[in-house]
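# Give me coordinates for this.
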Amino acid sequence: MTGDSLNLRTLGHATLALFRDGESPLLATDPWLVGSVYWRSWWLQHYPSGDEIDWLAGAANVYITHEHPDHLHLPSIRRLGTGPRYLFPDLPEPDCLAYLQTRGYSVAAVPPRRWQAVAPGIAMLSIPLWNDDSLLLVDTPDALILNFNDAKPLPPVLRAVRRLADRIGKRRVLLASYSPASLVNSFVDERGGIVSLRAPEHYVNFICRLCDRLGADVYLPFASQAVFERGDSTWANAHRTLYTALVRGWSAAARLAPPYATLNLADLSFTAPGPADYRPAAAATVARLTAARLAAEEAAEITDGDVAALRRKLNVWRFLLWPLFPRGFGFRLGRRRLYYEARRGRLGDVGEGPAGDFEIAVPALTIKEALANDHLTDLGITMFVRVRLFRRVDLRRIYGLFVLFQFHDYGHLRSPASLWRWTRAIVRDLLPGRLPALSAGSPAAAAPGDGADNRALPAADCPEGSR
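Sure thing, here's the model as predicted:
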């Protein structure tokens, strides 16, 4: 092998590796490579081999786009070890950066919207977003890589990225998720039938439009390779948007590559394993671990302290929830059933029968852990949290409830300074201006992390939970 050819490879779920033939990666992203996430619900469709993980552990840099556990997976990071430098976007409240720093990892916050040198001829641009996510652009000698992962940037940011790509003038490779990772299919009516907020075709059409809006030449399926294995989440496998749906509905000008492809950036040719070569988790291991988790859920009890913590969380948004849900809504937390009335800010026990417009069912241990970590956002991603509808209600409002949880979970209301930082991030996305164009390898590109803010943040704010 000559070491001259630059390649892009996708592994696991949302891990990309940029490398030259026969060498360790120059850059990798978002390692979820082993085990499961979301309380034993999500498992990988195709696990990297031990040799492949060892190869990734030699990466010079690992960029974390955002802090969801299918992108920032602490068991996978422990497996990769302290060799790589872990890079984070400069988000308003980057709490997990300090969590790794205090545990001996080399970490840095990447200066936003400034090109950073990765290697000779290669530079990266981190674009933080207002909703605690980020885009990663990588300029190489032959192609511009656009890693959108789970992010859904506002239209002004999308237009700014397109203008930048046009100025750079290279072929474009897009990576973005194409399957729902939220509660869009988690609503059930009185008969137990699923009420979907979005059909699979929506996600296929979204990706096709995104490719065309960005002028992509190749699309790599990405950040959507999870299967659901808990007994109470396997139903969601029927609602995944599969690669076969992309093939059937593909209408973009970009070429559609298969999952887990290795792309030669010089000529955009690619190779990929077939489904027969995928390595799922051992069935016996999945059965044992999911059964143990479900048994622990069954044994857990909701305490009055848990109820008080949930009430405090809800009352942060009390005067917004009141007009949204004037009849209130309920929770079924294990064996305990509660009703929340926003007008009075009350959360208390209730008997059987409809209580409010809808009821959110969460296993007891999961809600206890989420409350202990003051992080309820992930509940909407588990695929085992269900929303039972008692009346006709706009599903987008219920979806918005979990968005409100996110804004509080990520500390944006922690202090006036936190709120100001978040407000600035929103304004920046609405008025992105002109992103800087830079030929890769220019002397103006700083090394990753140069001048970055390595401020110490409370480690407890990056919960491990049962992920």
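
# Please report how far Thr241 lies from Val387.
20 Å (Cβ to Cβ, to the nearest Å). Quick note: C-beta positions are derived from backbone N, CA and C, even for glycine.

# brain fart, Arg209
28 Å.

# When those two are compared, which one has more neighbours?
Val387 (21 against 12; other Cβ atoms under 10 Å).

# Now the more buried one. Its backbone dihedrals?
The phi and psi values for Val387, taken as degrees, to the nearest 10, are phi -120, psi 110.

# so what pLDDT did it get?
Listed pLDDT for Val387 reads 96.

# my guess is it meets Val188, correct?
Yes. Between Val387 and Val188 there is a contact under Cβ atoms under 8 Å: 7.1 Å.

# For the chain, name the helix or strand with the lowest mean pLDDT.
Lowest on mean pLDDT, DSSP states H and E among the helices and strands of the chain sits helix 95-101, with a mean of 85.

# Now the residue nearest the centre of the chain: phi and psi?
Centroid-nearest residue in the chain: His68, 4.7 Å away (criterion: Cα atoms, centre = their mean). Here the main-chain torsion angles of His68 (degrees, to the nearest 10) amount to phi -70, psi 140.

# ok, it to Leu100 distance?
15 Å.

# quick one: pLDDT of the closest residue in space to Thr234 that isn't next to it in sequence?
Excluding its sequence neighbours, the residue lying closest to Thr234 (Cβ to Cβ, 6 or more residues apart in numbering) is Phe228, at 5.6 Å. In this model, Phe228 is scored at 97, pLDDT.

# Same question for Ala355.
pLDDT recorded at Ala355 is 89.

# Which residue ranges make up each domain of the chain?
Following automatic domain parsing, one finds the domains of the chain at 6-268, 298-409.

# can you redo those domains as CSV with distance to Pro416?
Converted to CSV, the domains of the chain look like this (distance: least, Cβ to Cβ, whole Å):
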stretch, distance to Pro416
domain 6-268, 13
domain 298-409, 15
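
# quick one, which of the ones you listed is nearest to Pro275?
Proximity to Pro275, assessed across the domains of the chain by Cβ to Cβ, is greatest for domain 6-268 (8.6 Å).

# first to last residue in that closest one, what's the distance?
10 Å (Cα to Cα, to the nearest Å).

# returning to what we had before: OK, contacts around the residue nearest to the centre of the chain?
If you count contacts by Cβ atoms under 8 Å, 6 or more residues apart in numbering, His68 has them with 150, 378, 381.

# Of these, which one scores lowest on pLDDT?
Lowest pLDDT within these is found at Asp378 (91).

# Got phi/psi on it?
When read as degrees, to the nearest 10, the backbone of Asp378 gives phi -70, psi -20.

# ok, how many other residues are close to it?
Neighbours around Asp378, by other Cβ under 10 Å: 26.

# list the contacts for it?
So Asp378 contacts 38, 68-69, 370 (Cβ under 8 Å, 6+ apart).

# Next, work out how far apart it and His71 are.
For Asp378, the distance to His71 - Cβ to Cβ - is 12 Å.

# Once you drop chain neighbours, what's closest to the residue lying farthest from the centre of the chain?
Going by Cα atoms, centre = their mean, the residue of the chain most distant from its centre is Gly351, 36.6 Å out. Distances taken as Cβ to Cβ, 6+ apart place Arg337 nearest to Gly351, at 7.3 Å, with adjacent residues excluded.

# is it true that Arg113 touches Met124?
No. Counting by Cβ under 8 Å, Arg113 stays clear of Met124, with 11.4 Å between them.

# Compare the two (neighbour count), which wins?
Met124 (26 against 18).

# Name the residues linked to that one by a beta bridge.
Gln116, Val138 (DSSP bridges).

# quick one, phi/psi of Thr15?
Backbone torsions for Thr15, taken as degrees, to the nearest 10, come to phi -100, psi 120.

# Surely it is in contact with Pro25?
No. With contact defined as Cβ under 8 Å, Thr15 does not reach Pro25; the gap is 9.6 Å.

# Give me the common contacts of the two.
Shared contacts of Thr15 and Pro25 (Cβ under 8 Å, 6+ apart): Leu56.

# ok, these two, which is more surrounded?
Comparing Thr15 with Pro25 by other Cβ under 10 Å, the one with more neighbours is Thr15, at 26 against 23.

# who's in contact with the more buried one?
28-33, 48, 56.

# for Thr382, same thing?
38-39, 41, 233, 366.

# Look up how far Asn185 lies from it.
12 Å.

# one step back: now do the same contact list for the residue nearest to Thr234.
Here Phe228 is in contact with 41-43, 234-237, 383 (criterion: Cβ under 8 Å, 6+ apart).

# Kindly report the same for Gln225.
Contacts of Gln225 by Cβ under 8 Å, 6+ apart are 12-13, 44-46, 259-260.

# likewise Arg428?
Contacts for Arg428 (Cβ under 8 Å, 6+ apart) come out as Trp130.

# That one: what secondary structure?
helix (DSSP: H, G, I helix; E, B strand; the rest coil).

# Quick check: buried residues in stretch 140-154?
140, 142-151, 153 (16 or more other Cβ atoms under 10 Å).

# Please read off the pLDDT at Phe7 from the model.
Actually, residue 7 is Asn rather than Phe. 98.

# by contact count, what packs against the host helix or strand of it?
In the assignment (DSSP states H and E), Asn7 maps to strand 6-11. Taking 3 or more Cβ pairs under 8 Å, 6 or more residues apart in numbering; DSSP states H and E as contact, the helices and strands that strand 6-11 lies on are strand 15-20, strand 218-221, strand 262-264.

# Can you add distance to Pro180 and give those strands back as a markdown table?
A markdown table is the format used below for the helices and strands packed on strand 6-11 (distance: least, Cβ to Cβ, whole Å):
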| stretch | distance to Pro180 |
| --- | --- |
| strand 15-20 | 20 |
| strand 218-221 | 14 |
| strand 262-264 | 26 |
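
# what's the closest of those strands to Leu314?
Judging those by Cβ to Cβ, what sits closest to Leu314 is strand 15-20, at 36.0 Å.

# which residues touch the very next helix or strand once past the closest one?
Counting by DSSP H and E, the element after strand 15-20 in chain order, helix or strand, is strand 27-29. Residues from elsewhere that reach strand 27-29, judged by Cβ under 8 Å, 6+ apart: 14-18, 56, 59-65, 84, 118, 122, 124, 136, 138, 147, 149.

# Number of residues surrounding Ala14?
Ala14 is flanked by 28 other residues according to other Cβ under 10 Å.
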